[in-house]
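Participant: okay, structure incoming, though there's no sequence with it:
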């Protein structure tokens, strides 16, 4: 940056003179054209580095081999981000780790269909070394897009793949959603609850599907009246709880697939005169700070270490984009990681 | 983008053949070197556009003349963003307008001193066509940095300048903070209030200084016991109100320089057994949705159109970065804009 801010910027001609080659040879190396002998190319790179020649993005990359920037792509309305502490927590972990590696986080939102080409254009434009991708819906075009442009990417949450996709081409970090849900429902069974309902997330998202699968692992023969779909919001949880109470007034427990929805469900239960946990035991998922602790009563829920998942995503991406590993770091795996969850027992069950 | 995703990508050689020139001439044009005749350069640009040649960022810019991306730099802890609806609203306006101009918003945070060089490196790296900058403190190095790198920039809020700076080199959009504050305090005076205190924002920020100046325009001889400094947060407002009640138990009104602080002040007044507005009249600033309407009692406050200010910032920047003006738009001014405010009277005063 120094060259941009102060004094005379070195020119392509300066580089050519220093390396003892023609300007067009320098251009060829800068543009990544083949047919320049390795030793000559190396000499030119040396001259570029020595002089701090930064004519454009291409030369910059030639020296540093990367942009020192990573895109964080969030496929959610921007305002959703501002009400859901889950993202805040995730981003905090990502930021910490990227900054430690000297990479600038660059936040991009996809809110509507029209945003895809513009965001992809940016991702493919050579501005970032890689991308962290989030909240993908089924049939989301992003996984294909980043794969085709050859941009290193790590997904937050297992991407849902259409037919014809191999699941091992994408690297992701996810919580053990299915195992966590299983533990939650087994716990409700162990308390002697017999009519255990569930409020799911939107079933076009992997986390919602996996948490429902975990519930079904324990209760494979659940009648449909004990199932209601929410949308991972407080309001959605409140509405789904109302529906469940209409469909199955005799329910004695509910496993809710997110803490935000669980807080809505608690509100509905209170309004309908049901006490928690005596009449209805409630278990959430996420262990969101401070939500899970400030609900009335405080929420028994499945804990996942969201901030650590963010750090892990960033570390895996930096490894793939060849940012130097830092001393004391474990060499991160290139394979996807499913992080463990654990049940945190408070008052709601 | 199409070329990146599908089929054979055209090469430098293809462009040279199509334009009927040597490859090194193409390289020279792509790298922005002089000494290529205008007609030839034009022919090469035509060939690049026809073939959709996208070897690197330089060629891309050659065709489009811009990155179609604009940085939005927020000098605040990221988590502050998630609790302050002010930013959400501002960003909504910015996003709407940038997207309408085909420019991708790219969000960057500055949370600590170490972030400056990395963010500046990105801003100067040719990735974005311009920058929208926010929440600048006194002595913030950003205004100088973007000016030195020649990056078009528009500031959200008047930047505070050190000595030796001319205030007309920066373009900003701001609300009429001083006029709004003046109107609020005049209103309290017109209600017959005689001991009108104020809770200011942090006095290293222009908005806080301007709102205090507006208060002093009406009440130039206020004793220090009627002044307390907050930090634009709910908690800060609550603490400042407690201090004021200790210093001046006989106060009968308070002008609070933000709605978030005012909601904290209302809480303190309630805890101390003062009724609002009978014992103490309260006026806020911002007219934040939904904060100002859901406080108890609802807040009389100074309205500023935050979303429109965001749109205006984006429109001014797109004009400066030569994104094409859109049909039906007024040609935006290149001068700074101070948007009007107006008092919204609810129950707290």
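Facilitator: Noted; the coordinates are in hand. Small disclaimer: the values here were computed from a predicted structure and weren't measured.
Participant: what's the first helix or strand after the least confident helix or strand in chain A by mean pLDDT?
Facilitator: Every helix and strand in chain A was compared by mean pLDDT, DSSP states H and E; the lowest is helix A:2-5, with a mean of 33. With elements assigned by DSSP states H and E, the helix or strand that comes after helix A:2-5 is helix A:12-19.
Participant: would that following helix count as contacting chain B?
Facilitator: Yes: using CB under 8 Å from any CB of the partner chain, we find that helix A:12-19 touches chain B at residue A:12. For every residue, glycine as well, the C-beta is placed using N, CA and C.
Participant: just for the stretch 51-200 of chain A, where's the confidence low?
Facilitator: Residue ranges of the stretch 51-200 of chain A with pLDDT under 70: A:52-65, A:77-84, A:135-136, A:162-169.
Participant: buried stuff in stretch A:175-189?
Facilitator: Judged by neighbour count using 16 or more other CB atoms under 10 Å in any protein chain shown, the buried positions of stretch A:175-189 are A:175-185, A:187-188.
Participant: contacts for that stretch?
Facilitator: Identification of contacts with stretch A:175-189 by CB atoms under 8 Å, 6 or more residues apart in numbering or on different chains yields A:196, A:198, A:206-207, A:210-215, A:217-219, A:253, A:255, A:257, A:281, A:283, A:285, A:300-302, A:304, A:309, A:338-343, A:345, A:349.
Participant: okay, strands next: where are they in the stretch 201-349 of chain A?
Facilitator: Ranges of strands in the stretch 201-349 of chain A, per DSSP state E, counting those that start in this stretch, are A:227-229, A:253-256, A:281-286, A:300-303, A:337-339, A:342-344.
Participant: and chain A, what are its domains?
Facilitator: With domains defined by automatic domain parsing, chain A comprises A:2-64, A:69-175+A:308-339, A:177-303.
Participant: now do the same end-to-end measure for the last one.
Facilitator: So the one you mean is domain A:177-303. 10 Å (CA to CA, to the nearest Å).
Participant: and for the second one?
Facilitator: One end of domain A:69-175+A:308-339 to the other measures 26 Å (CA to CA).
Participant: got the phi and psi for the residue minimising distance to the centre of chain A?
Facilitator: Of all residues in chain A, the one closest to the mean position by CA atoms, centre = their mean is residue A:156, 2.6 Å from it. Main-chain dihedrals, residue A:156, degrees, to the nearest 10: phi -90, psi 100.
Participant: OK, contacts around the closest residue to residue A:265 other than its chain neighbours?
Facilitator: Closest residue to residue A:265 apart from its sequence neighbours, by CB to CB, 6 or more residues apart in numbering or on different chains: residue A:241 at 3.9 Å. By CB under 8 Å, 6+ apart, the contact list for residue A:241 reads A:199, A:228, A:254, A:264-265, A:268-269.
Participant: 7 Å - rerun?
Facilitator: A:199, A:264-265, A:268-269 (CB atoms under 7 Å, 6 or more residues apart in numbering or on different chains).
Participant: next, count neighbours for the residue lying closest to the residue nearest to the centre of chain A once chain neighbours are set aside.
Facilitator: Distances taken as CB to CB, 6+ apart put residue A:134 closest to residue A:156, at 4.4 Å, once the chain neighbours are dropped. Neighbours of residue A:134 under the rule other CB atoms under 10 Å in any protein chain shown: 22.
Participant: isn't residue A:134 up against residue A:154?
Facilitator: No: Residue A:134 is not in contact with residue A:154 according to CB atoms under 7 Å; the separation is 10.2 Å.
Participant: the strands of the stretch 201-349 of chain A: which one's closest to chain B?
Facilitator: For chain B, the closest of these is strand A:281-286, at 15.9 Å, according to CB to the nearest CB.
Participant: can you list the strands that the closest one pairs with?
Facilitator: Sheet pairing here is set by DSSP bridges, and for strand A:281-286 it gives strand A:253-256 (parallel), strand A:300-303 (parallel).
Participant: pick the most buried one from these.
Facilitator: Highest mean neighbour count among these (mean count of other CB atoms under 10 Å in any protein chain shown): strand A:253-256, with a mean of 30.
Participant: so how far is that strand off the chain centroid?
Facilitator: Strand A:253-256 sits 26 Å away from the centroid of its parent chain (CA atoms, centre = their mean, to the nearest Å).
Participant: re earlier: run through the residues that contact the residue nearest to residue A:156.
Facilitator: Listed by CB under 7 Å, 6+ apart, the contact set of residue A:134 reads A:73-75, A:156-157.
Participant: what is the end-to-end distance of stretch A:107-119?
Facilitator: Taking CA to CA, stretch A:107-119 runs 11 Å from one end to the other.
Participant: ok, now stretch A:199-209?
Facilitator: With CA to CA as the measure, stretch A:199-209 spans 11 Å from end to end.
Participant: name the element residue A:197 belongs to?
Facilitator: Assigned by DSSP H and E, residue A:197 belongs to strand A:196-200.
Participant: actually, residue A:188.
Facilitator: Taking DSSP H and E as the definition, residue A:188 sits inside helix A:177-190.
Participant: ok and that helix relative to strand A:281-286, angle-wise?
Facilitator: If you take axes from the mean of the first three to the mean of the last three CA atoms, to 10 degrees, helix A:177-190 sits at 160 degrees to strand A:281-286.
Participant: chain center to helix A:177-190, what's the gap?
Facilitator: Helix A:177-190 sits 24 Å away from the centroid of its parent chain (CA atoms, centre = their mean).
Participant: ok, stretch A:190-197 next?
Facilitator: Worked out by CA atoms, centre = their mean, stretch A:190-197 lies 33 Å from the chain centre.
Participant: ok so, going back, can I get the domains of chain A in JSON lines including distance to residue B:126?
Facilitator: Output for the domains of chain A, formatted as JSON lines (distance: least, CB to CB, whole Å):
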{"stretch": "domain A:2-64", "distance to residue B:126": "5"}
{"stretch": "domain A:69-175+A:308-339", "distance to residue B:126": "8"}
{"stretch": "domain A:177-303", "distance to residue B:126": "37"}
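Participant: nearest to residue B:103, out of those?
Facilitator: domain A:69-175+A:308-339 (8.2 Å; CB to CB).
Participant: out of the domains of chain A, nearest to residue B:149?
Facilitator: Nearest to residue B:149 among those is domain A:2-64 (5.3 Å), distances taken as CB to CB.
Participant: distance of residue A:47 relative to chain B?
Facilitator: Between residue A:47 and chain B the distance is 16 Å, computed by CB to the nearest CB, to the nearest Å.
Participant: using the three-state scheme, assign residue A:138.
Facilitator: coil (DSSP: H, G, I helix; E, B strand; the rest coil).
Participant: now the helices for the stretch 1-150 of chain A?
Facilitator: Secondary structure of the stretch 1-150 of chain A (DSSP state H, counting those that start in this stretch): helices at A:2-5, A:12-19, A:23-30, A:38-51, A:57-64, A:78-83, A:85-100, A:115-123, A:142-148.
Participant: list the buried residues of stretch A:290-309.
Facilitator: Buried residues in stretch A:290-309, counted by 16+ other CB under 10 Å: A:291-292, A:295, A:299-307, A:309.
Participant: per-residue confidence averaged over that stretch?
Facilitator: Stretch A:290-309 shows a mean pLDDT of 91.
Participant: about what we covered before: list the residues that contact the residue nearest to the centre of chain A.
Facilitator: Contact analysis of residue A:156 by CB under 7 Å, 6+ apart lists A:90, A:132-134, A:173, A:309, A:313.
Participant: give me the beta-bridge partners of it?
Facilitator: Under the criterion DSSP bridges, residue A:156 forms beta bridges with residue A:134, residue A:173.
Participant: against chain B, how distant is it?
Facilitator: 16 Å.
Participant: what number of residues lie near the closest residue to chain B within the stretch 151-300 of chain A?
Facilitator: Using CB to the nearest CB, the closest approach of the stretch 151-300 of chain A to chain B is made by residue A:151 at 10.0 Å. Using other CB under 10 Å, residue A:151 has 19 other residues around it.
Participant: likewise residue A:278?
Facilitator: Using other CB under 10 Å, the number of residues around residue A:278 comes to 8.
Participant: for residue A:264, same thing?
Facilitator: Residues lying near residue A:264 (other CB under 10 Å) number 25.
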